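Novice: Sequence below, structure please.
(chains A and B)
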Amino acid sequence: MEIKDLKTLIKLVTETDITEFEMENAEEKILIKRGPSQEIIQVQAPQAPVVAAPAAVAAPAPAAAAPAEAVAEDKTANDKYKTINSPIVGTFYRKPSPDADPFVKEGDVVESGQTVCLVEAMKLFNEIEAEFKCKIIEVLKDDASPVEFGDALFLVEPL
Amino acid sequence: MPTREVRQHLLRLLREAEDGHVSGAALSRTLGMSRAAIWKQVEVLRSRGYRIEAVPSRGYRLVEEPDLLTEELLRSHLEGCGIGERVVCFDQTDSTNIQALRLVEEGAEEGTVLIADSQQAGKGRLGRAWVSPPGVNLYTSVILRPDIPPWQAPQLTFVAAVALVRAIEQVCGLSARVKWPNDVLVDGAKVAGVLSELLADMDRVRAVILGIGLNVNMTREQLPETLRYPATSLALASGRASWSRLRLACALYRQIDELYRVYLDRGFEPVRLAWEASCDLVGRQVQVASGDDLLAGRCAGIDLDGALLLSGGGATKRVLAGDVRPVD
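Specialist: Numbers count the residues shown, from 1 in each chain, chains lettered A, B, ... in the order given. Predicted structure coming up:
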């Protein structure tokens, strides 16, 4: 995982009430645990040392306002959740128009290719679609709020 | 040669003669058809609204072309223009952007343009409508498939705005200006807007659809009263009864074609410079209403991703959305 993604991940976990977050793919496993007062971030990626250079890991710390613990291990486990990210800088919209219903809400199951939100930049509207069938676990941004490139917009559970 | 192509060729020959006549014998030679067959095609063209004069011993002369937005007419004016390689026309549709999205999913190629005489659901920002009555304006969408990362896609909306300014100046001789990000003004009133769609993966643009609405011959009564910004049409701004939508559409496609090629060759910089040269606010003190915030500063142009640069107090701020107004 790229440092910026890890940073985003830690940030979004700390912004929620989630106390433990675990994710895994072929190369690495990431575990973020939130403790009551202490903040420890450990990253290990023995298979691919280039990934997650320890020096850079210090960077996410200030961003993590709430205590968080992240552990990336070279172990196989389930990566239950994934995120849907923004491909552009812009404004996040949950609804096609201000008085319409949101495209999706927490708990919804969406099909691959289904629109989950809009991101607008300079009146260029990007309809973000789910790339796989999944369940919306959490909407990570407020309607009409600014988003950066790569920001996680939804936490989802692939189905 | 299919009769449709024959007619296009015939039209080109008549247009090339400008105000002069082309003899039936010359047309017959060039097109490899009998004079009777040419007369028949001239009759077809007349039935479609072309005024073609026939003078014995001198030949045919094209007096006036109908201002219709048909595939045949548009294609006959867009030879060699990448934008408009394929033209899809609608008398009436929901929105050319919606139809373009559908065509993109079906694999429509770059340069495909859609144009409608009227729209039932013309779109503006935030669910607002773009008023689209029939017979008076241009409502068009242009499909591009550039090999660029998604974050650069907003740059193309500036290509559309600059192309609009140039097409308006070229056809109507009016001085048009851009309003950030991509509205076009004449005499301070909005005459055109660009609303675009991006289809992209995280690292790759699949398609950009430039949706363009240009108020051409709308009357004062046809302009909606509830607009947030003063609006006008080219006819109102120039005091002329009407302008040719066909000529404007073709000029617009050609200007987009030219600037898009420059963009692909040399990047955003030439587009940015052209946009800034068409913007009255660069260098001036402005106020930006962005969401609930009201920002103020000196307009310092646009950033690489099209964000408005606002300088003040030794810092430069990037603005991604909002309404800009001059305060000085």
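Novice: and the chain, what are its domains?
Specialist: Answering for chain A, as no chain was given. Annotated domains of chain A cover A:3-33, A:69-158 [automatic domain parsing].
Novice: nope, chain B please
Specialist: B:3-64, B:71-277, B:285-326.
Novice: Rebuild those domains as CSV, extending it with distance to chain A, mean neighbour count and mean pLDDT.
Specialist: Using the backbone N, CA and C atoms, a C-beta is placed for each residue, glycine as well. Formatted as CSV, the domains of chain B follow (distance: least, CB to the nearest CB, whole Å; neighbours: other CB atoms under 10 Å in any protein chain shown; pLDDT from 0 to 100):
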stretch, distance to chain A, mean neighbour count, mean pLDDT
domain B:3-64, 35, 15, 89
domain B:71-277, 2, 19, 94
domain B:285-326, 5, 16, 88
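Novice: Could you grab the helix/strand/coil label for whichever residue of chain A sits closest to chain B?
Specialist: Across chain A, no residue is closer to chain B than A:Ser97, which sits at 2.2 Å (CB to the nearest CB). Assigned with DSSP: H, G, I helix; E, B strand; the rest coil, A:Ser97 falls in the coil class.
Novice: B:Gly127 is in contact with that one, correct?
Specialist: Yes: with contact defined as CB atoms under 8 Å, A:Ser97 reaches B:Gly127; the gap is 2.2 Å.
Novice: mind listing what the nearest residue to B:Ser290 once chain neighbours are set aside touches?
Specialist: Closest residue in space to B:Ser290, ignoring its immediate chain neighbours: B:Gly322 at 3.2 Å, by CB to CB, 6 or more residues apart in numbering or on different chains. Listed by CB atoms under 8 Å, 6 or more residues apart in numbering or on different chains, the contact set of B:Gly322 reads B:288-291, B:293, B:295, B:308.
Novice: Going along the chain from the host helix or strand of B:Leu273, find the next helix or strand for me.
Specialist: Element membership for B:Leu273 (DSSP states H and E) is helix B:269-277. Going down the chain from helix B:269-277, the next helix or strand is strand B:285-290, by DSSP H and E.
Novice: strands paired with that following strand, and their directions?
Specialist: Paired neighbours of strand B:285-290 in the sheet (DSSP bridges): strand B:293-302 (antiparallel), strand B:323-326 (antiparallel).
Novice: where does chain A have low pLDDT?
Specialist: A:3-4, A:13-20, A:33-78 (pLDDT under 70).
Novice: Close to chain B: what parts of it are there?
Specialist: A:85, A:87-91, A:96-100, A:120-127, A:144, A:146, A:149-150 (CB under 8 Å from any CB of the partner chain).
Novice: hmm, which of those are the buried ones?
Specialist: A:85, A:87-91, A:96, A:120-127, A:144, A:146, A:149-150 (16 or more other CB atoms under 10 Å in any protein chain shown).
Novice: Strands - which of these land there?
Specialist: A:85, A:90-91, A:120-121, A:124-127, A:146 (DSSP state E).
Novice: where exactly do the strands run in the stretch 1-150 of chain B?
Specialist: B:51-55, B:59-64, B:86-93, B:112-119, B:138-144 (DSSP state E, counting those that start in this stretch).
Novice: In JSON lines, list these along with distance to B:Lys317.
Specialist: Listed next are the strands of the stretch 1-150 of chain B as JSON lines, based on distance: least, CB to CB, whole Å:
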{"stretch": "strand B:51-55", "distance to B:Lys317": "57"}
{"stretch": "strand B:59-64", "distance to B:Lys317": "53"}
{"stretch": "strand B:86-93", "distance to B:Lys317": "40"}
{"stretch": "strand B:112-119", "distance to B:Lys317": "36"}
{"stretch": "strand B:138-144", "distance to B:Lys317": "30"}
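Novice: what about those, which gets the closest to A:Asn25?
Specialist: strand B:138-144 (33.9 Å; CB to CB).
Novice: which helices and strands sit right next to the helix or strand just after the closest one?
Specialist: Per DSSP H and E, the first helix or strand lying C-terminal to strand B:138-144 is helix B:155-172. Counting contacts by 3 or more CB pairs under 8 Å, 6 or more residues apart in numbering or on different chains; DSSP states H and E, helix B:155-172 is packed against strand B:176-179, strand B:183-186, strand B:189-200, strand B:205-214, helix B:234-238, helix B:245-266, helix B:269-277.
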